[in-house]
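my questions are about this predicted structure, shown below with the sequence.
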Amino acid sequence: MEMSQLAEELRKLDKGEHRQIYESRNHVKVTVTHTGKLSERDYAVGLIIPDQQEFNPTHIRLLIDLYIKRESNPKDSRELYLALEEVFKGQDPTLLIEKVCYLEFPMHLDEAEVNLYMTQLLMIEQDFNYGPDGPRETKLEIAREFLMRFIRWIAAADTQIDKIIFNLTRRYPAPKKYSTPISDE
């Protein structure tokens, strides 16, 4: 579902409501649960991996997974990063599956398809909590750019993951140079 359409649906979550949003080809379910923690619309993203209990992944899991993928297959990770740029722009991640389903990563936490779904949901959550009508302010034009800059920083491969995660956990923004989208050139 396109980001704007899904955001409208997620705005209407009832208090405590739990809903499955996506299911991957490998039957990983991606869910949301209304928490109301940071704002009235705040929710937690969940993953249900077959034969495992549901858990709530964080931005850190996503970034570490993208880093591991880049380290294990730089060529294919570039294709994934380009698809994530499309998600950032609002594209429906289900329309991008054909671009990422053939990518092979010897090391990974989640399949590339799940990365697309998680990224979209984490970006909507940022827009809700740090956007123009959210309870917290951002200096960025679009709140979800905070996460996208970190994704671009990992894609650039110009620093260690430790520094990237340190900045994220301290809520320091990624350097401004990562506001430039990754191009397919």
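It's in.

I'd say residue 64 and residue 161 touch.
Yes - assessed by C-beta atoms under 8 Å, residue 64 is found in contact with residue 161 at 6.8 Å. Glycine gets a C-beta too; all of them are placed from N, C-alpha and C.

could you point out the longest helix in this protein?
Secondary structure of the chain read by DSSP state H shows that its longest helix is helix 112-130.

got the buried residues for that one?
Using 16 or more other C-beta atoms under 10 Å as the test for burial, helix 112-130 gives 112-130.

pLDDT wise, what is residue 180 at?
If you check residue 180, the pLDDT there is 96.

to clarify, my last question referred to residue 185.
In this model, residue 185 is scored at 69, pLDDT.

cool, and residue 138?
On pLDDT, residue 138 comes in at 82.

likewise for residue 160?
Note on residue 160: pLDDT of 94.

what's the burial count for it?
As a burial measure, residue 160 scores 10 neighbours (other C-beta atoms under 10 Å).

identify the residues contacting residue 79.
Shown in contact with residue 79 (C-beta atoms under 8 Å, 6 or more residues apart in numbering): 99, 100, 103.

in CSV: these, plus neighbour count, secondary structure and distance to residue 134.
Converted to CSV, the contacts of residue 79 look like this (neighbours: other C-beta atoms under 10 Å; DSSP: H, G, I helix; E, B strand; the rest coil; distance: C-beta to C-beta, whole Å):
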residue, neighbour count, secondary structure, distance to residue 134
99, 15, helix, 31
100, 20, helix, 30
103, 19, coil, 34
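
tell me the SS of residue 60?
Here residue 60 is recorded as helix under DSSP: H, G, I helix; E, B strand; the rest coil.

what is the burial count for it?
Residues within reach of residue 60, counting by other C-beta under 10 Å, total 13.

what's the pLDDT at the closest residue to it other than its chain neighbours?
Distances taken as C-beta to C-beta, 6 or more residues apart in numbering place residue 165 nearest to residue 60, at 6.1 Å, with adjacent residues excluded. If you check residue 165, the pLDDT there is 97.

can you tell me which residues contact residue 165?
With C-beta under 8 Å, 6+ apart, residue 165 has these contacts: 60, 63, 64.

that one should be in a helix, yeah?
Yes - the assignment for residue 165 is a helix, going by three-state DSSP.

got the CA positions of stretch 120-140 in CSV?
Extracted in CSV, the C-alpha atoms of stretch 120-140 (Å, rounded to 0.1, in the frame of the first residue of the first chain):
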residue,chain,number,x,y,z
GLN,A,120,7.7,1.9,5.4
LEU,A,121,6.1,1.4,8.8
LEU,A,122,9.0,2.9,10.7
MET,A,123,9.0,5.9,8.5
ILE,A,124,5.2,6.5,9.0
GLU,A,125,5.8,6.2,12.7
GLN,A,126,8.4,8.9,12.5
ASP,A,127,6.1,11.1,10.5
PHE,A,128,3.4,10.7,13.1
ASN,A,129,5.7,11.5,16.1
TYR,A,130,8.0,14.1,14.6
GLY,A,131,6.0,15.5,11.7
PRO,A,132,4.3,18.9,11.7
ASP,A,133,1.3,17.8,13.8
GLY,A,134,3.4,15.4,16.0
PRO,A,135,4.3,16.0,19.7
ARG,A,136,8.1,16.3,18.9
GLU,A,137,9.8,18.6,16.4
THR,A,138,12.3,17.8,13.7
LYS,A,139,14.6,20.2,11.8
LEU,A,140,14.1,18.1,8.7
